[in-house]
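**Student:** Build me a model from this:
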Amino acid sequence: MRIAIFSDTYVPEINGVARTLKRYTDYLEKQGIEYRLFVPESSTPVPAVPQVQRLTSIPFLLYPECRLALPNPLHIKQSLDEFKPTLIHIATPFNLGLYGIHYGKKHHIPMIASYHTHFDDYLEYYHLSFFEKWIWKYMNWFHRSFVKVYVPSQSTKEKLLSKNIHDEIELWGRGVNHQIYSPTKRSSVFFKEKFQIHEKNILLYVGRIAPEKDIHIVLETFHSLPEHIKKETHLVIVGDGPLFRLLSDKQHSNITWTGFMEGEQLAQIYASSDLFLFPSPTETFGNVVLEALSSGLPIIGANAGGVQHLVNNGVTGFLCEPKNIEEFVQQTSLLLENPSLRSKFSIEAREFAQTLSWNEIFAQLIESFGDVLKRKKRISA
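**Tutor:** Residues are numbered from 1 along each chain as shown. Here you go, the predicted structure:
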């Protein structure tokens, strides 16, 4: 098995897709499975890696920190001709994905796709809803050539089936590093020493500071808490994105904007917090929710998208109607005022997260890839 992968994001970019693909390529290396990854060049200099080919790119209009590749077809063709892939994996519907499809069709190589982002859900947040019809027409055409399409959650699968995107859609879930994201990292003095935070309760959001994450719901929920709860609660917002400067420049007491955090510091932030607030309704999965659960954090999330499959309502947290401030405030207040219930949810959250193992998830994915290749051999015979 030799896999050629086409994506518009990869580390050091900071998003769930990039981090998942890095986990994926790390697993391929450990298993001795050869791959070539074609991605846009990063705005951050990174060491060259033979398996990863970074291509000239430009900033994406809606997301300047994300980049679109300007592929050199001759260069990619030469690289693929030398590599001789037996399987092509397309992780982007943009121009790199189009080139991957072109090459796969021309050389009769089986192709699979992974679907990562609900672009149609984003349109409303950027006042571009009139494009929705055309996006689904394009996505329908784009996915015709694949043997299988992989999605991160059941709701994503149901959505694509309802749009007739493909007949064969499989779940490719996500895992979490239980050692890094662990309740054992909790420190009662971490926020006091690191950020000079002295309030009793820490309410946490981790993710992109962007419109489609409903970041305004985080802020409105906090500001709408009953005064006696709010005065002993501190909201910590971790992440970067297009709205970061605009929102973080507004000074509010009891709110700390940390910017982007990773590694041990992020693990300590999760574990040392008391409650995770994540109202985004546009997730195909929700990697940060799983990291929070693994850290022993109860979740207040939107009953939508991938998040609804990660939170067991009334057991590991509460699911709220998307954008319903009153419900978010009610459930947040309930857990902030009830430490014994939080503790019970925390134990259940950790136990659930431990059932999701990256190794098992990738092993199932590679087994499914093997099925695709066997099917190709049967057809060829």
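**Student:** OK, contacts around Arg144?
**Tutor:** With contacts defined as CB atoms under 8 Å, 6 or more residues apart in numbering, Arg144 is in contact with His166. Where C-beta positions appear, they are placed from N, C-alpha and C, glycine not excepted.
**Student:** What does it show for phi and psi?
**Tutor:** Backbone torsions for Arg144, taken as degrees, to the nearest 10, come to phi -60, psi -30.
**Student:** Need the pLDDT of it.
**Tutor:** On the pLDDT scale, Arg144 is placed at 93.
**Student:** Please apply the same query to Leu62.
**Tutor:** According to the model's per-residue confidence, Leu62 sits at a pLDDT of 59.
**Student:** centroid residue for this structure?
**Tutor:** For the chain, the residue whose C-alpha lies nearest the mean C-alpha position (CA atoms, centre = their mean) is Gly16; its distance is 2.9 Å.
**Student:** In terms of pLDDT, where does that one sit?
**Tutor:** Gly16 carries a pLDDT value of 84.
**Student:** Could you shift the numbering so residue one becomes 50, and keep it that way?
**Tutor:** Taking 50 as the first residue, the last one we looked at is Gly65.
**Student:** If we ignore the residues flanking it in sequence, what's nearest Pro291?
**Tutor:** Across the structure, with CB to CB, 6 or more residues apart in numbering as the measure, the residue nearest Pro291 apart from its sequence neighbours is Ala259 (5.5 Å).
**Student:** same thing with Asn352?
**Tutor:** Leu368 (3.8 Å).
**Student:** Which is the succeeding secondary structure element to whichever strand or helix holds the one you found?
**Tutor:** Taking DSSP states H and E as the criterion, Leu368 maps to strand 366-369. Tracing the chain C-terminally past strand 366-369 and defining elements by DSSP H and E, one meets helix 374-386 next.
**Student:** so what does the following helix or strand past that next one touch, helix or strand wise?
**Tutor:** Using DSSP H and E, the next helix or strand after helix 374-386 towards the C-terminus is helix 388-402. Counting contacts by 3 or more CB pairs under 8 Å, 6 or more residues apart in numbering; DSSP states H and E, the secondary-structure elements packed against helix 388-402 are helix 336-343, helix 374-386.
**Student:** got the buried residues for helix 388-402?
**Tutor:** Across helix 388-402, burial judged by 16 or more other CB atoms under 10 Å covers 391, 394-395, 397-399, 401-402.
**Student:** that older thread, so who does the residue nearest to the centre of the chain touch?
**Tutor:** For Gly65, the contacting residues are 165, 223, 334-337, taking CB under 8 Å, 6+ apart as the criterion.
**Student:** Isn't Ala140 up against Ile52?
**Tutor:** No: using CB atoms under 8 Å, Ala140 is not in contact with Ile52; the gap is 11.1 Å.
**Student:** So between the two, which is more surrounded?
**Tutor:** For Ala140 against Ile52, the residue with the higher neighbour count under other CB atoms under 10 Å is Ala140, and the figures read 25 against 21.
**Student:** pLDDT weak spots in this protein?
**Tutor:** For the chain, residues meeting the criterion pLDDT under 70 lie at 108-116, 428-430.
**Student:** Following the record's annotation, map out the domains of it.
**Tutor:** According to automatic domain parsing, the chain comprises the domains 51-224+406-429, 232-402.
**Student:** So which of those is the most surrounded?
**Tutor:** When you average the neighbours per residue for each of those (mean count of other CB atoms under 10 Å), domain 232-402 leads with a mean of 19.
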